[in-house]
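In: with the input below, show me the fold.
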Amino acid sequence: MRFPRTLSTYTLIGANAVPLLGVLFLSWSLTEVLLIFWAETAIVGFFTFWKVIYSKKVDDQERKTIEQLKESNPEKYNNVKPGNTTKIFLSFFFPLHFGGFMVGHAFFLVLLFGDVGTPLSDIVLKGVLFSLATLFVSHVFSFFTNYIGKKEYLLYSPQQLMVQPYKRVVIMHIAVLLGGIFAVALGTSIYALIILIIGKIVVDLFSHAQEHKDATQPLLT
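Out: Just a heads-up that it's a prediction; the model follows:
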């Protein structure tokens with residue numbers, strides 16, 4: 001498997017290693033691990049929102065449609081700029097849709113693992129919040145290094161960007177759900193949690209590489 005050799009890749013690995021340290025040295029259970037991975041979805045959604053807003057690429061079909069509208073009714077559509085209408089619509093639609101996706105995922109997590117691990121009321125939030133903070137920093141670094149620094153905002157239209165997180169999050173959470181079931185089957189042992197976290201890191205690296213594959217990068221084998 002080949003992954004981009006970039007600082008954003010290393011920060012991604014480092015941020016994902018925090019739950020591993022929590023399991024090894026702070027006795028974190030499946031509850032803490034799943035809570036962190038679920039909450040990371042909100043971080044992914046947050047940066048996707050700003051990617052959509054900052055995108056400079058206009059969908060070809062949208063451009064053609066607006067040109068046709070201008071030809072048919074110049075007075076009404078002359079001031080309509082390709083991309084702007086889509087951004088306005090997605091700025092409202094995406095948070096609602098993605099938020100609903102998170103609620104649905106939380107429902108399945110509670111349904112499958114609600115009686116496993118540490119009760120939510122007993123979780124030490126400082127550790128969980130620290131882990132989420134490191135994941136947030138990792139996404140900040142990737143956003144400014146890849147999306148802004150490598151001008152990926154010129155490569156992807158708002159429509160393409162909206163689909164990206166669903167692909168990444170669905171793959172990630174399928175892996176997490178399967179890993180969680182595996183961990184429960186083994187009695188949520190520390191070894192099962194380690195395998196779950198490492199599996200999630202591998203999936204994240206694969207998704208990260210796919211998301212930024214159009215950028216020219218040296219590769220690590």
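
In: so who does residue 175 touch?
Out: Neighbouring residues of residue 175 by CB atoms under 8 Å, 6 or more residues apart in numbering: 199, 200, 203. C-beta: built from backbone N, CA, C; applies to glycine.

In: pretty sure the second one sits against residue 13.
Out: Translated: residue 200. No. Assessed by CB atoms under 8 Å, residue 200 is found out of contact with residue 13, at 11.2 Å.

In: higher neighbour count, the two?
Out: Higher neighbour count among residue 200 and residue 13: residue 200, with 22 against 14, using other CB atoms under 10 Å.

In: can I assume the more buried one sits in a helix?
Out: Yes. According to DSSP: H, G, I helix; E, B strand; the rest coil, residue 200 belongs to a helix.

In: distance-wise, check it relative to residue 72.
Out: From residue 200 over to residue 72 the distance is 51 Å, taken as CB to CB, to the nearest Å.

In: ok, back up a step: any idea which of the contacts of residue 175 is closest to residue 140?
Out: residue 200 (19.8 Å; CB to CB).

In: where does this structure have low pLDDT?
Out: 1-4, 115-118, 120-121, 187-188, 214-221 (pLDDT under 70).

In: tell me the spacing between the residue most central in space within it and residue 125.
Out: Centroid-nearest residue in the chain: residue 44, 3.3 Å away (criterion: CA atoms, centre = their mean). Residue 44 sits 21 Å away from residue 125, going by CB to CB.

In: try residue 108
Out: Distance of residue 108 to residue 125, given as CB to CB: 23 Å.

In: what's the answer for residue 189, then?
Out: Taken as CB to CB, the span from residue 189 to residue 125 is 24 Å.

In: same thing with residue 175?
Out: 25 Å.

In: how about residue 195?
Out: 25 Å.

In: those two: which is more packed in?
Out: Counted by other CB under 10 Å, residue 195 and residue 125 do not tie: residue 195 has more neighbours, with 15 against 11.

In: the strand or helix carrying the more buried one - contacts with which helices or strands?
Out: Secondary structure from DSSP states H and E places residue 195 in helix 190-211. Where contact means 3 or more CB pairs under 8 Å, 6 or more residues apart in numbering; DSSP states H and E, helix 190-211 is packed against strand 3-4, helix 7-25, helix 30-54, helix 158-185.

In: tabulate those (JSON lines), appending distance to residue 80.
Out: Below are those laid out as JSON lines (distance: least, CB to CB, whole Å):
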{"stretch": "strand 3-4", "distance to residue 80": "38"}
{"stretch": "helix 7-25", "distance to residue 80": "36"}
{"stretch": "helix 30-54", "distance to residue 80": "18"}
{"stretch": "helix 158-185", "distance to residue 80": "15"}
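
In: among the ones you listed, show me which one is buried the most.
Out: The highest mean neighbour count among those, using mean count of other CB atoms under 10 Å, belongs to helix 30-54: a mean of 20.

In: next one: residue 37 from residue 135, what distance?
Out: 9 Å.

In: same question but for residue 143, I mixed them up
Out: 13 Å.
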